[in-house]
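Trainee: Here is a sequence together with a model predicted from it:
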Amino acid sequence: MSHGGGFEPRRYVIGQFAGPEAMLDATRKMRERGHKKLDTHTPYPVHGIEEALGLGRAKIPTIVLCGAITGACLAYALIYFMNVVDFPINVANRPIHSAPANIPIMFELSVLLGGTSSFFGLMALMRLPEPYHPVFEAESFWRASIDGFFLSIEVPKGQSPEAVAAELKSLSEVSVEIVEESER
Amino acid sequence: MASTATSASTTRDPLEPIPLIQGVQTDESLNTSLLDHVWRSPGKGWWTLFGLALAGLGLLVIGVTVTLWKGIGMWGNNIPVGWAFGIINFVWWIGIGHAGTLISAILLLLQQKWRTSINRFAEAMTLFAVICALLFPLIHTGRPWFAAYWLMPYPSVQGIWPQFKSPLVWDVFAVSTYFTISLLFWFLGLIPDLASLRDSSKKPLQKTIYGMLALGWRGSGRHWAEYKWAYLLLAGLSTPLVLSVHTIVSFDFAVSILPGWHTTVFPPYFVAGAVFSGFAMVVTWMVPARQFLGLKHVVTMKHLENMNKVILATGLMVSYGYAMEHFIAWYSGSQYEFDEFFQVRMRGPMAPVYWLMMFCNVVVPNIFWFKKARTNLLIMWVAALLVNVGMWCERFNIIATSLHRDFLPSKWELYAPTWVDWSIYIGTIGLFSTLFLLFLKFVPAVAVTEVKELRHELAHQAHGHAEEAHG
Amino acid sequence: MSSHDQDPLQDHPEDHARSTPSGNGASSGSPRRISLPIVDEALAATEAASGAVREQRKYWRSIAEKEGSPKLAAAAQREFPPGASELPEVSRRSFMKLFGGGAAAAGLAACHPSDEQAIPFVRRPEEVTPGNALHFATAYGVEGYGLGLVVESHEGRPTKIEGNPDHHDSLGATGRYEQALLQGLYDNDRAKQLKHKDEPLSWHTFLSQMATLSGRHAADGGAKLRFLTEPTASPLQLELRKRILEKFPKAKFTSYSSIAGDGAADGLRLAYGKYVEARHELTRASVIVSLDADFLGEGPESVRAMRQFAGGRLPGAPMNRLYVVEPALTVTGMSADHRLRLRAGDVAGFALALAAELGRRPGFAQLAGIASGGHGVTAGDPKWISAVASDLIKHRGQSLLIAGRRQSAAVHAVVAALNAALDNVGTTVTYATPLLADPLSGPKALAPLAEEIAAGQVDTLVITAYNPAYTAPADLKFDKLLARVPNAIYWAAYEDETAAVSSYVVPAAHALESWGDARATDGTISLVQPLIAPLWGGHTDIEILGAFLGEGDLSAYEVLRRSWAAKQASVPGATGEFDQVWEKWVGDGVIVGTETSPEAALTLDAAAIQQGLGALLAAGPKGAGVEIAFVPDYKVVDGRFANSAWLQELPDPVHKITWDNAALISPAMAKSLGVEVERDNDKFSVLVIEYKDRRVHAPALIAPGHADDSITLALGYGRTGAESVASGVGFNAGVLRGSDAPWFDRGAQVSLATGMHLFGLTQNHWSMENREPAIATSLADFQNPRSEARELLEERRAALPTIHEPHDYSKEQYKWGMAIDLGKCTGCSACIVACQSENNIPTVGRDQVVRGREMQWLRVDRYYSGELEDPEVIVQPLACVHCETAPCEYVCPVNATVHSDEGLNEMVYNRCVGTRYCSNNCPYKVRRFNFLDFTSETPAVRRLGMNPEVTVRSRGVMEKCTYCVQRIERKRIDTRVAGRLIEDGELKTACQQSCPAGAIEFGNLNDLKSRVTKAQADERRYDLLHELGTRPRTAYLARVRNLNPELAKG
């Protein structure tokens, strides 16, 4: 984080809502007002959040598909090379190259690579693990994983967080907090 | 969650009116009640069980040490019975593991809401069962120190590769994949709960540990968006995986030429058997667990009854499998097959195991035709236990009994397990219990996040705020 | 070698290497010998003694030394490569290397010093190249005759025993015992220290004491000097006897072997007026009737007999027909076309009944007279007897009756009469002057000596017979008597029961360590040469007898050579310089032209028989009650092989018992006694057998086909000597044995004892479960092309449909295959021991056999069919059949078992991880698994006998028959050097080479003229478990029974 003297802390306006509905509503409105860096924080996925935040199609499925296909091809190539190209040997008079015998491992490897790519792909997309994030500075943010519904807005340089906070307050019943990234 | 919401919120929950969550609950009350057992120091019950589990674990250590030190000859195996307890227990454990994946993955895809309160539990069970299973293929070999890696496709100094026509190699891939995927699936589902553990923990140490494990999860909407997909896809992958794993395990036998092994019905009937034994194992553990951990309000009688229904259904499938085996043995006109099923198994020296299997797997499950039995804790627990016994006998029948009398009567031999066999078997049960009890102690046994979500949905349906979800 | 070490060789190879060459007192200055003054004194003396002989001439102790390479000579001085003795601990590999080196030097130093020249069978020792085996001819025999052997020797270590093709009795094959000789040689339990009343003694001191002794005895002409020897036909032994008797006219020699029968000698004496011995020529016999004679299973003629008998079992040529009358199934009984189960005591009745039956036929009046001498004693089913009689008459002049060793003089006399009446004398049976020193040498022969000892008339008793204290009939109490003999000098192979009660114990040199000579059953003489110097400085019986002629300091080699130098002239055609003649004799293993011709003019004295019979029958066993009958054991004989783990673990040819003997009883008798059978037909009640004042606890074993009210007991077990393997195995049936009726008698009381006994059976299951793995058919059925049997055979060799093309082996130079003829195989099991020896197969012990973990690669399955009381038996040798589509291969995850270009199903030991999947998927269950570490604790001395060309398998590894791939490769190398292909017949697997019946053919299936190809093309050929489509390379030839139409059931 710290870049010598030139450290410019990120600033966030964080609003806590009574329930998911209010939060969703506020999110939509704020986005319509042209706020960019919005994010919500909820104990469980709230329906319609993608739409509210204006997120595009999820990327995970594509990643997993690639992983799975790679797995299958890899398996076949592996077996073909090992038992046909590199070390062909008469085993019980069975054909050196017999496709049916390869299927089980092709399937397993495609699942293995598909599965692992979905997990690690996700981690990459979420940039997790990320033990520290400015929003954790918020007083009541610990509720985010229990029963709190939050909307966080990263305030761009040159804008005053207070203004954003006021704007948010004006939209709905909410307790707003302004936090600043701490330098460690 | 999206998949659930879009459809389910409009329709009424099929399992109503019997509530999936009892009493009036808020997110917070759920949070406290479901995490309570993590903060609370374990009670007498837990400690006694843990003590027993550790004792079992001790047996395992002894058994494995003796085996590695003296050799596989410390077991009862011989020629012709080259495989016995080792593989029996391997298949048994793998089978048990399957229920977990099935509950969490398949029920998820089928949008069965009632899964939420037991899936975490079931997944953990899968994980630990697979760990126990994995032990056997390794130590049952003559030279584990080589078997450990010679089955892997790596360029060895011997310039030779694994033999990919052997089901054992397929096994290696299947089981290791199964373990990896189950682990990831379980952990992924756990992350939000770890976060709530982090946030509701009182002691700094706990906070740091759970904090690390939570990977800095902050319930971000952008994360949820991808997360839901990832979780769903893992479930999607696990479902065929679970089927493939036991199919491949059954190939170990079906691919051979041994009477009693050489059977095309094996894959489906192994999978059915796996689910059968798996659900039985869930019930066996869930009945006491919900008692001790105070989970009655989330793991309701409804859940148990549903599981008993599954046991009944799969039990019938297994019975069909048996019927098929015997029919083909007769219909094929192969004398070896016929003798195997109608002489060796029914009347041979190991007939008692056969008949015990028949009783436990074919007769016992039928008790669940009756609602009284499905909803009586004691009955279901005993029945579940018997099913576990029965499924173990099934593996014994398939493996040891088939082997001990095959083609040439001149090399028919008896098989009898030794104390090492038993201590390793009991030992794995100890290992399983140990891991399970630790899991119950340190991790929410119920997927808190999902329960909250479920509560949310149910609440909304109750108040007819359907459009909310459409948004 | 320090005799105080339990196993001095265990972890200190260098010690052993020193001890090996011990022509000269062995381990002088071994760094770690426990220094006990006594031992040192003894050894010093020993060295002095042999040194005395040595001074006269210069020895060379290795080829190098002989050829005068100073460096190597120096090394040879140490008799061990530099650095060896410095090694603190030695890895197995380097250990074996060192061993090889030491042993090589050792062996050579021992066997071939310039003046004690052993002559290799095919090559001269000058050509010794490490790694190449040499072959030496020698001879060995259990019952006084010598069986010609060819011993393979690696770097001076005998490693494999084969038969000598030029030898009359061997014809290139061997029996079980010969195959196991190596175990007796490399045996740590052997007597190692010469002792007098437990005081260690040097050979030198011993000789001087013997000198004084013989001096004393010479005074009264040896009135109190007695010799107790094995029955022997050895010319040298006979010569020594003669000379000793000349020196001590009043001394007496007694031949004794507890398994020798006296009936034959007396019976033939009665028939022909003098002692003669019968010789049988089975090739000429079309009908053979055995009266309790196990002529295929035991006895000096058995190896030859099997070959000859098997020759007559081919349906193509005229087949012979075998009738067997016996109480318990024997190897011979299993090979019978018709078998009549009779108590041993009733065989006499049968003989008389048969004589009477024949007497009623025209032209056999004489027999009627003889039969009448039996005073109506009769036994056996008349229908059966008349059928046999007719068959005999039909084959007059080409039939043969043989009476067993156990049977009384009466039976032998009647049988002689029958053979004479049927004109068999001169064709199938001939009579010759006995070759054995004493015609009588059975248990009865011991009684007079026992009386003399009891009467205190024996001062000095020299015992070269095997362990009389244990084997002597119980009523003689011979062990007690021996203790009373002031000077009992026992030539001891082991510190056994007799050694315990003898005042002198002289460690015996093993047959493979000794010089000597022996006679074949036709009189042909073989010279016995050592393969290695006495490992523990043992001495030959010749040297001991020599001591009484004042020649004790002469080595056996000297004595033998002198004797033959003198006799050279007597040998036809042995002209020229003696050295060359000698070289030829020793090299060939036989002295051609020394056979003795049968007596020409013999006339049967029918009257004498007729009168004699009554008395004989009266004297013989009679009365009612249960019969107890004793048999020499198929594995340990009379106990002399009891310390051989190979033989102990060898499944009994008939009942598949290992590490045990049993009270064999018929199923009916078991029922009436209430014998319980538990577990998988391998746990039986224990019986208490009481006979006269003696009793023994014996576990019962139900033996299908056994005569009722009769118990068969095998001798040679229940040993109490200091033999680690032998002691505590089985029970000693000998305690029931009386000198009056040493073989069988009635009047035993049998009752159930408490408790059960678990046998280590390698086959518990009797029936074939209608799967017919071993096919037997009658000649009639076989000759009818549309018979079920023929259809079955056709079906089991027909080509099966297959998904993918079978691999084409026709382009290869070799396509190895095997054919096993069930018609020839008698189940004698010599092949199993041969395989064990050739392939370094470990023994696993009783407990492991009980668990079903025996390791023998080759097994001989035995199936009963028909009714249990009187079943038909068939045996089937079974090892890996090398399937072309081997089920074991495609399930192996690590490519540890794969196919060779020539179609061998190969086991790659160092790749195997031991999943045992291959064994599970092997329908023949011929794979064997090292469940525990069976090899690393093999005593170093045993390892000397291992085949250096075969890997020793480690724990956790699968193994199985390899078709003796090491032999294939060896021959491949030899023929490549010679630039040609391996010819048919020059390559034999171990089992094939040892097989007396010649039932096994092995060779190249691509060679259309090879024997195996022809055999596999035979009408009787079928594949085992053919329907599985495994395409086995080993094919079987169905057994054809030559049934007598009159008796053929159904």
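Mentor: It's in.
Trainee: quick one: B:Pro153 from A:Phe87, how far?
Mentor: To A:Phe87, B:Pro153 is 11 Å away according to CB to CB, to the nearest Å. In this view, the C-beta of every residue, glycine as well, is placed from N, C-alpha and C.
Trainee: which one of those two has more residues nearby?
Mentor: B:Pro153 (18 against 15; other CB atoms under 10 Å in any protein chain shown).
Trainee: quick one: that one from C:Val849, how far?
Mentor: Counting by CB to CB, the separation of B:Pro153 from C:Val849 is 39 Å.
Trainee: Leaving out sequence neighbours, find the closest residue to C:Ala472.
Mentor: Of all residues not flanking C:Ala472 in the chain, C:Phe478 sits nearest, at 3.5 Å (CB to CB, 6 or more residues apart in numbering or on different chains).
Trainee: Please disregard the earlier target; I meant A:Val174.
Mentor: A:Gly15 (4.3 Å).
Trainee: Summarise which helices and strands the helix or strand containing the one you found is packed against.
Mentor: Taking DSSP states H and E as the criterion, the element that holds A:Gly15 is strand A:11-17. Secondary-structure packing of strand A:11-17 (3 or more CB pairs under 8 Å, 6 or more residues apart in numbering or on different chains; DSSP states H and E): helix A:20-32, strand A:149-155, helix A:161-171, strand A:175-180.
Trainee: quick one: the shortest one to strand A:11-17, angle?
Mentor: If I follow you right, that is strand A:175-180. 160 degrees (axes from the mean of the first three to the mean of the last three CA atoms, to 10 degrees).
Trainee: can you pull the buried residues of strand A:175-180?
Mentor: By neighbour count on 16 or more other CB atoms under 10 Å in any protein chain shown, the buried set for strand A:175-180 is A:Val176, A:Glu177, A:Ile178, A:Val179.
Trainee: and if you look at the first one?
Mentor: Under the neighbour-count criterion of 16+ other CB under 10 Å, helix A:20-32 has A:Pro20, A:Glu21, A:Ala22, A:Met23, A:Leu24, A:Asp25, A:Ala26, A:Thr27, A:Arg28, A:Lys29, A:Met30, A:Arg31 buried.
Trainee: Check stretch B:447-462 too.
Mentor: B:447-458, B:460-461.
Trainee: Just give me the least confident of those residues.
Mentor: The weakest per-residue confidence within the buried residues of stretch B:447-462 falls on B:Gln461 (70).
Trainee: In contact with B:Met324: list those residues for me.
Mentor: With contacts defined as CB atoms under 8 Å, 6 or more residues apart in numbering or on different chains, B:Met324 is in contact with B:Val265, B:Tyr269.
Trainee: can you give me phi and psi for the residue in the stretch 151-300 of chain C that chain A sits nearest to?
Mentor: At 31.3 Å from chain A, C:Lys160 is the closest residue in the stretch 151-300 of chain C, using CB to the nearest CB. Dihedral angles of C:Lys160 (phi, psi; degrees, to the nearest 10) stand at phi -160, psi 140.
Trainee: count of neighbours near it?
Mentor: The number of residues packed near C:Lys160 is 21, by other CB under 10 Å.
Trainee: tell me which parts of chain A are close to chain C?
Mentor: Proximity of chain A to chain C, by CB under 8 Å from any CB of the partner chain, involves residues A:Phe87, A:Ile89, A:Asn90, A:Val91, A:Ala92, A:Asn93, A:Arg94, A:Pro95.
Trainee: Reformat these as CSV; add pLDDT and secondary structure.
Mentor: Below are the residues of chain A next to chain C laid out as CSV (pLDDT from 0 to 100; DSSP: H, G, I helix; E, B strand; the rest coil):
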residue, pLDDT, secondary structure
A:Phe87, 91, coil
A:Ile89, 92, coil
A:Asn90, 92, coil
A:Val91, 93, coil
A:Ala92, 91, coil
A:Asn93, 90, coil
A:Arg94, 90, coil
A:Pro95, 90, coil
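Trainee: Tell me which two in those residues are the farthest apart.
Mentor: For the residues of chain A next to chain C, the farthest-apart pair by CB to CB is A:Phe87 and A:Asn93; their separation is 16.9 Å.
Trainee: what stretches of the stretch 901-1050 of chain C score poorly on pLDDT?
Mentor: For the stretch 901-1050 of chain C, applying pLDDT under 70 flags the ranges C:1049-1050.
Trainee: Show me where it has its strands.
Mentor: Secondary structure of the stretch 901-1050 of chain C (DSSP state E, counting those that start in this stretch): strands at C:905-907, C:928-929, C:958-959, C:1000-1004, C:1021-1022, C:1034-1037, C:1039-1041.
Trainee: Pull the contacting residues for C:Gln648.
Mentor: Here C:Gln648 is in contact with C:Lys635, C:Val636, C:Ala642, C:Thr658, C:Trp659, C:Val725, C:Ala726, C:Val729, C:Thr843 (CB under 8 Å, 6+ apart).
Trainee: what's the distance between the most centrally placed residue in chain A and B:Phe185?
Mentor: Nearest residue to the geometric centre of chain A (CA atoms, centre = their mean): A:Met126, 3.0 Å. Counting by CB to CB, the gap from A:Met126 to B:Phe185 is 17 Å.
Trainee: And for C:Val750?
Mentor: 71 Å.
Trainee: Please identify which of those two sits among more neighbours.
Mentor: The residue with more neighbours, out of C:Val750 and B:Phe185, is B:Phe185; 29 against 22, by other CB under 10 Å.
Trainee: nearest residue to that one other than its sequence neighbours?
Mentor: B:Phe185 sits nearest to B:Leu234 (CB to CB, 6+ apart), 4.6 Å away.
Trainee: tell me the angle the strand or helix carrying that neighbour makes with helix A:20-32.
Mentor: Using DSSP H and E, B:Leu234 falls within helix B:221-254. Put simply, helix B:221-254 runs at 120 degrees to helix A:20-32, going by the same axes, to 10 degrees.
Trainee: in helix B:221-254, what counts as buried?
Mentor: B:221-239, B:241-254.
Trainee: Give me the pLDDT value at B:Gly294.
Mentor: 71.
Trainee: The residue nearest to the centre of chain A reaches B:Trp224, doesn't it?
Mentor: No - counting by CB atoms under 8 Å, B:Trp224 is not a contact partner of A:Met126; they are 9.7 Å apart.
Trainee: Next up, identify which helix or strand B:Gly189 is on.
Mentor: B:Gly189 is part of helix B:167-200, with elements assigned from DSSP H and E.
Trainee: one step back: distance from the chain centre to the helix holding B:Leu234, please.
Mentor: Distance of helix B:221-254 from its chain centroid, counting by CA atoms, centre = their mean, to the nearest Å, is 14 Å.
Trainee: which secondary structure elements does the helix or strand following that helix contact?
Mentor: Reading on from helix B:221-254 to the C-terminus, the next helix or strand found by DSSP H and E is helix B:266-292. Counting contacts by 3+ CB pairs under 8 Å, 6+ apart, helix B:266-292 is packed against helix B:85-101, helix B:116-139, helix B:221-254, helix B:301-331, helix B:377-396.
Trainee: Might you report the residue contacts of the residue nearest to B:Phe341 when sequence neighbours are not counted?
Mentor: Leaving aside its sequence neighbours, B:Phe341 sits nearest to B:Ala329 (CB to CB, 6+ apart; 4.1 Å). Going by CB under 8 Å, 6+ apart, B:Ala329 touches B:Glu337, B:Phe338, B:Glu340, B:Phe341, B:Phe342.
Trainee: Surely the third one is in a helix?
Mentor: In this case it means B:Glu340. Yes - counting by DSSP: H, G, I helix; E, B strand; the rest coil, B:Glu340 falls inside a helix.
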